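*Asks:* take this sequence and fold it.
(chains A, B and C)
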Amino acid sequence: MSRKSLRWLLPAAALPILALLAYGFRVNHRDIPSPLVNRPAAPFVLTSYAGEPMSLEANKGRVVVVNFWASWCMPACYEEAPVLERNWRTYKDKGVVVLGVNIQDKPEAARKFIDQFSLTFPNALDPAGKVSIDYGVYGVPETFFIDARGRIRAKHAGAVTDTVFQREVDRLLAEPR
Amino acid sequence: MIRALSLLLLLLVATPAAAQPPATNVEDPRLYEVASQLRCVVCQNLSVADSPSEMAQQMRALVRERLRAGDTPEQVLQYFVDKYGEWILLAPRRRGFNWLVWSAPFVSTVIGLIVIAFTIRRWTAQRRKRLAGIATAPPAVDPAMRERIRREMELENER
Amino acid sequence: MIPELGHGAVIVGGLLAFYGAIAAAIAGRTGRTALLESAQHAALGVFGLVTFSMLLLVYAFLTFDFSVRYVALNTNLQTPYYYRITALWGALEGSIVLWAWMLALYTLIVILRHRHNARELYSWVLTTMLGVVAFFLLVMAVPAPPFERLSPIPANGRGLNPLLEDSGMITHPVALYLGFTGFTVPFAFAIAALATGRVGDRWITLTRRWTIVAWYFLSLGLLIGGWWSYHVLGWGGYWAWDPVENAAFMPWLTGTAFLHSVMIQERRRMLKLWNIGLVILTFALTLFGTFLTRSGVIASVHAFTQGSIGIFFLSFLSLVVLASLALLAWRWEALGAEGELDSVVSRESAFLLNNVLLVAATFTVFFGTVFPLLSEAVRGVKVSVGMPFFNSVNIPVFLSLIFLMGVGPLIAWRRASRDNLRRNFFWPVVAGVVSAAIFYAAGVRSTLAVLSLALTVFVTATVAVDYVRATRARLRMGESLLPAMGGLLVRHNRRYGGFAIHLGILVIAVGVTGSQAWSLHREATLKKGEAVELAGYKFQFDGLAAREASNHFVVESTFTVTNGKAHAEAMRPAKKFYPQEQSPIAHVDYRLGFMEDLYLVLGDFERDGSQATVKMQVNRMVSWIWIGGLVLTLGTVLAILPDRKKLA
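*Replies:* Next up, the predicted model:
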């Protein structure tokens, strides 16, 4: 390279930096892949709002959908609550269980939420946030799909839709136990 | 000049090594040490130690519990990394690709110093060349007068 | 009607600015003064139109015009009138309006000040400034229209982000933007210099005050931002190395480097290429800052929103960077170095070192800020780069810069003789070393704190040595003390203004050192009546009270604070619940002091007031940071005083 053309290195050097910034447009900051996928799900034991114990262990052998939510999480949790209830009623006789974990919330507000959507699947408060941290939850809502052998197979951040729920659950149900 | 530059470089390298984390937390310095390295997941860019949010409070409680149960700070941090991924750490671990960002300050300073070393060398050589090119000797001046001129010029230069 | 009028004004203004830029460029190439006049009129028109649309927006705010989407999103019927006015710059669209208005204002001032004294450069300066204004008006017209309509018209607005209901947030964007937009002027002059080939000192002499003023406002904006963070956000800190904070800090760093390196060009006619490059970099970084805040490319607490606006900004940034650097490459020869130096021990070297350190720090901050993006692009792994990283890597650089602050102003140009070094630095070095020993003996164990404080003493001593010596020289010539001291400041206002600014930075540095090294905090859950101790203070929890405020609901706690000197005080940290916010906002209660601040943040609590979690902080010397800002202000005023004609 002659001395004369060396100077054009300067504008040329700016290009990769600008390209990197352009790449930033494709990045979604809330979409962080979970390191827990394909790992055993952390066990937990909580007391549901109905007064019953709610644990992962007790549901071994079934496909478990664990949903983290809060009453102040608008509008996403409000959008997905009927979806979860609807699909719970459809799948509960097929060996699928939906467990709701309520985080960073006050019991009265949570109960109001449950009543508002007439939720019949078990919901429990996670008082110290330990379960949410155990599952690497960084926002609400987040839903984990756990197979019959107790391994987390998928995580969905954001409101769950019928499509997502059914796709994941059908996939796990189709697997040999 | 090489000596001056290498001294400077030594200083630049030594100070982060000598940097002790400030002893800010009265209750449990280990808690602060761990929590200040974890990123609060519901805030943006604040540490778990600093954040006033409820989530951060819960995370602090968990850190405290695990430290009391006998985990080392490294183990507690690893626990969080296992659950959340690398991004839960507020500073990237010094391994592999991440060395790029950790070495950036040092490398850029060194490159900068090399550039100015070359520049200064060129400037001093330029001056010597020009002085050497002056064929005629300066007109004879009374030494006392020359001394006064020199002192005055120095005083002037300082402004 | 109002929104249509405003939007129309924006579009016409944008077209006018674009026309003006072209007209000025053609005038620059062909010398046709009629076109230049026309461009000036266009600039005047642009200012009028932008002011008009800004006032329309304010009017929409004041009259609760919720048909305007921006008004509906950022105020509601309960928002007090002063916040309704300042909500103008509370969110994205309005912030662009403010930026555009400042640019138009600066363009007008440039016209008034320079239309006769900038000669050949003038038309290209006008082109550049109007071009930048045109871009921001384009953004106001297309991706971020402030007058966008909302239909159906809501009965009530959403309301201002409660974190913005604060004096800090009223002033912070104004100061910061005055700084950001201010750097457009030296940049425009640099482009003019490249375009005309007149790359000597003319463009630098003309923009000296512009640079200082822009630099000052940027400093002020950063300080106010720190103050806001400190007393509103509830974490007790003033700087988090958040990407958007970094984006404002980087042009400050390169702007500081530029401030110093132009002195070398003024004195010695060297570093022409470097100076132009540096001001281009500074301006590019200001654009990068607005890009970062508005594009969502890097996650940040400040980020306004995502969308096509990011693409606009990145495109403009790319255009500016590539075009300016291409111009620079084109004029490479003319910028050739004819520099000479007698010795490496000289002021030139000190300034070069200053520049290297500042630019290296800029690079470090930049790289750290974009590294998460790079890591994801290359490895597919998300990482975070935050406070622990930036704090540890920047400390040595900043300490070295403090050291240079002492050396630079006193060391001789070209070649510093041994005599010169001894006379200027002997006592300051002694003072520094002795003070280090004293600090250590007094119990300061942190190496960094000792180093930082000792360097501060060293630099202060150099300033003192210079001032005392100069005053004595005047006293010897027959002047009395006060006139001598004052006369020095006025006659050599650039020098002493610079000293005062350095002292201001030192005071800030001491504040930062003190707060990092000696602050204490503690978190505790207390039952009613229970107390906990920290740093000699006793904090007792007395209960909770709830009440309704103008646009929110407050739960206020009461803590009695005693410090053993029979002085009891009540502090009331609270939690505010705003209907439009998902989670409550912590309202900090604090007491400022010269050496220490008390700081309380309310955490979780029981509804019946029987128990509450509180985070207590005793922050040391944080007030020094704000005091340093004051000294900085005084120094800047001194430095930009008009030059008195020096008596022969």
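
*Asks:* from here on, contacts and neighbour counts on C-alpha atoms
*Replies:* Fine.

*Asks:* which helix or strand contains the residue nearest in space to the middle of chain C?
*Replies:* Closest to where the C-alpha atoms of chain C average out (C-alpha atoms, centre = their mean) is C:Leu218, at 3.0 Å. Assigned by DSSP states H and E, C:Leu218 belongs to helix C:202-232.

*Asks:* buried residues in that helix?
*Replies:* For helix C:202-232, the neighbour count (16 or more other C-alpha atoms under 10 Å in any protein chain shown) marks C:203-204, C:206-207, C:209-232 as buried.

*Asks:* now do it: which elements does it pack against?
*Replies:* Here helix C:202-232 touches helix C:167-182, helix C:184-196, helix C:243-268, helix C:623-639, going by 3 or more C-alpha pairs under 8 Å, 6 or more residues apart in numbering or on different chains; DSSP states H and E.

*Asks:* can I get those helices in TSV with mean pLDDT, mean neighbour count and distance to B:Phe106?
*Replies:* Below are the helices and strands packed on helix C:202-232 laid out as TSV (pLDDT from 0 to 100; neighbours: other C-alpha atoms under 10 Å in any protein chain shown; distance: least, C-alpha to C-alpha, whole Å):
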stretch	mean pLDDT	mean neighbour count	distance to B:Phe106
helix C:167-182	92	22	29
helix C:184-196	95	25	29
helix C:243-268	92	22	17
helix C:623-639	95	22	28
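
*Asks:* give me the contacts around stretch C:262-281.
*Replies:* C:186-187, C:190, C:199-201, C:204-205, C:251, C:254-255, C:257-258, C:261, C:321, C:324-325, C:328, C:332, C:335-339, C:348, C:351 (C-alpha atoms under 8 Å, 6 or more residues apart in numbering or on different chains).

*Asks:* could you count how many residues lie near residue 118?
*Replies:* Since you didn't name a chain, this refers to chain A. 12 (other C-alpha atoms under 10 Å in any protein chain shown).

*Asks:* let's do chain C instead
*Replies:* By the criterion of other C-alpha under 10 Å, C:Ala118 has 17 neighbours.

*Asks:* over to B:Val107?
*Replies:* 15.

*Asks:* what do you get for C:Gly536?
*Replies:* 10.

*Asks:* again, but for C:Thr107
*Replies:* 26.

*Asks:* could you do B:Phe118 as well?
*Replies:* Applying other C-alpha under 10 Å, we find 11 residues neighbouring B:Phe118.

*Asks:* buried sites along the helix or strand where it lies?
*Replies:* Using DSSP H and E, B:Phe118 sits in helix B:99-132. Under the neighbour-count criterion of 16+ other C-alpha under 10 Å, helix B:99-132 has B:100-102, B:104-106, B:108-110, B:112-113, B:116-117, B:119-127 buried.

*Asks:* tell me the helices and strands packed up against it.
*Replies:* Under the contact definition 3+ C-alpha pairs under 8 Å, 6+ apart, helix B:99-132 sits against helix B:2-18, helix C:347-379, helix C:387-407.

*Asks:* which of the ones you listed sits closest to chain A?
*Replies:* helix C:347-379 (6.4 Å; C-alpha to the nearest C-alpha).

*Asks:* you'd agree A:Ala70 is up against A:Gly100?
*Replies:* No: using C-alpha atoms under 8 Å, A:Ala70 makes no contact with A:Gly100, being 9.8 Å away.

*Asks:* just want the angle from the helix holding B:Phe118 to helix C:387-407.
*Replies:* Angle of helix B:99-132 versus helix C:387-407, following axes from the mean of the first three to the mean of the last three C-alpha atoms, to 10 degrees, is 20 degrees.

*Asks:* how many other residues sit next to C:Tyr537?
*Replies:* Using other C-alpha under 10 Å: C:Tyr537 sits among 15 other residues.

*Asks:* beta partners of it?
*Replies:* On the basis of DSSP bridges, C:Tyr537 is bridged to C:Leu534.

*Asks:* how near is it to chain A?
*Replies:* 30 Å (C-alpha to the nearest C-alpha, to the nearest Å).

*Asks:* does whatever residue of chain A ends up closest to chain B count as helix, strand or coil?
*Replies:* In chain A, the residue that lies nearest chain B is A:Gly136 (4.7 Å; C-alpha to the nearest C-alpha). Three-state assignment for A:Gly136 (DSSP: H, G, I helix; E, B strand; the rest coil): coil.

*Asks:* what residue spans form the domains of chain B?
*Replies:* B:2-91, B:103-135 (automatic domain parsing).

*Asks:* just give the nearest non-adjacent residue to residue 160, would you?
*Replies:* Answering for chain A, as no chain was given. If the residues on either side of it in the chain are set aside, A:Val160 comes closest to A:Glu80, at 5.4 Å by C-alpha to C-alpha, 6 or more residues apart in numbering or on different chains.

*Asks:* should've been chain C
*Replies:* C:Asn74 is the one closest to C:Leu160 (C-alpha to C-alpha, 6+ apart), at 4.4 Å.

*Asks:* quick one, what contacts the one you found?
*Replies:* C:87, C:90-91, C:157-161.

*Asks:* where does the stretch 201-350 of chain C have low pLDDT?
*Replies:* C:299-307, C:337-338 (pLDDT under 70).

*Asks:* that older thread, what angle sits between the helix or strand following the helix holding B:Phe118 and helix C:347-379?
*Replies:* Per DSSP H and E, the first helix or strand lying C-terminal to helix B:99-132 is helix B:143-158. Per the same axes, to 10 degrees, the angle that helix B:143-158 makes with helix C:347-379 is 30 degrees.

*Asks:* for helix B:143-158, C-alpha coordinates in PDB please.
*Replies:* In PDB, the C-alpha atoms belonging to helix B:143-158 read as follows (Å, rounded to 0.1, in the frame of the first residue of the first chain):
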ATOM      1  CA  PRO B 143      28.100  36.300  27.000                       C
ATOM      2  CA  ALA B 144      26.500  38.300  29.800                       C
ATOM      3  CA  MET B 145      23.900  39.600  27.300                       C
ATOM      4  CA  ARG B 146      23.400  36.100  26.000                       C
ATOM      5  CA  GLU B 147      22.800  34.800  29.500                       C
ATOM      6  CA  ARG B 148      20.200  37.500  30.200                       C
ATOM      7  CA  ILE B 149      18.500  36.800  26.900                       C
ATOM      8  CA  ARG B 150      18.300  33.100  27.700                       C
ATOM      9  CA  ARG B 151      16.800  33.700  31.100                       C
ATOM     10  CA  GLU B 152      14.200  36.100  29.700                       C
ATOM     11  CA  MET B 153      13.300  33.700  27.000                       C
ATOM     12  CA  GLU B 154      12.800  30.900  29.500                       C
ATOM     13  CA  LEU B 155      10.600  33.100  31.600                       C
ATOM     14  CA  GLU B 156       8.600  34.000  28.500                       C
ATOM     15  CA  ASN B 157       8.300  30.300  27.500                       C
ATOM     16  CA  GLU B 158       6.700  29.400  30.800                       C
END
